[in-house]
Structures are given as C-alpha cells and as structure tokens.
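Engineer: Sequence and predicted structure are below.
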Amino acid sequence: MSNPGTAATTRPMSRTVRPRVLAVINDDCTGCNTCVDYCLVDCIEPASSAANRVPPSPVTIREDECIGCVVCAKVCEELGVNAIRLVPAPVS
C-alpha cells in the first residue's frame with residue numbers, strides 16, 4: 001500500500017485530457033530560447049526550424065502539442081520578459 005502524496009498516487013498529465021490553457025508567444029519574445037529548454041513535451045522550437053510563421057517570432061509553440069503545464073510561462077516571467085501568455089484551450 002502506498003502513502004498519499006507518493007509518485008504511485010499522482011497522475012501525470014495525459015494527452016487524452018485536453019489542457020485548460022495553452023501557451024502562446026507574444027511580440028515581447030527576445031529569442032533567448034530558454035522556454036525551448038524547459039518545455040516538458042518539446043513543443044516549442046526556435047523560429048529557424050519553424051515553418052513560415054506569420055507574424056515572425058523568434059520561437060514558436062506547436063499549440064496542438066502543448067499540455068498547458070505553464071512551465072514555459074513561469075520561466076519567461078522569472079527572466080522578466082513575460083513573452084508567453086496563456087490562452088484558454090479550445091473546447092472540443
């Protein structure tokens with residue numbers, strides 16, 4: 001029997017459960033790419049590998065892969081940039 005609060009009793013985020021929020025890059029992005037390193041599901045990439053994004057941004061988030069964990073937004077806020085905003089996820 002496991003104790004409450006142990007890893008055995010916590011449930012990881014699943015792609016079958018849609019997130020409540022998605023991360024979106026805004027115009028304040030400096031291109032530091034720190035969010036790329038911290039993304040838990042690798043859905044953020046430098047613009048050089050992103051395909052024809054309009055308007056151009058130093059990084060892009062593949063919103064269909066975002067799990068809404070908010071890590072990227074917190075990291076960006078810690079850096080004082082605040083270039084990642086959270087938007088409600090579309091309801092399917």
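Structural biologist: Great, that's in hand.
Engineer: biggest helix in the chain, by residue count?
Structural biologist: Counting residues, the longest helix in the chain under DSSP state H turns out to be helix 71-78.
Engineer: Give the other helices and strands that the helix or strand following that helix contacts.
Structural biologist: Using DSSP states H and E, the helix or strand that follows helix 71-78 in sequence is strand 84-88. Counting contacts by 3 or more CB pairs under 8 Å, 6 or more residues apart in numbering; DSSP states H and E, strand 84-88 is packed against strand 21-25, helix 71-78. Placement of C-beta: from N, CA and C, glycine included.
Engineer: Report the angle between the first one and strand 84-88.
Structural biologist: It refers to strand 21-25. Orientation of strand 21-25 against strand 84-88 (axes from the mean of the first three to the mean of the last three CA atoms, to 10 degrees) gives an angle of 140 degrees.
Engineer: Pull up the pairing partners for strand 21-25, direction included.
Structural biologist: Paired strands of strand 21-25, with direction, are strand 84-88 (antiparallel) (DSSP bridges).
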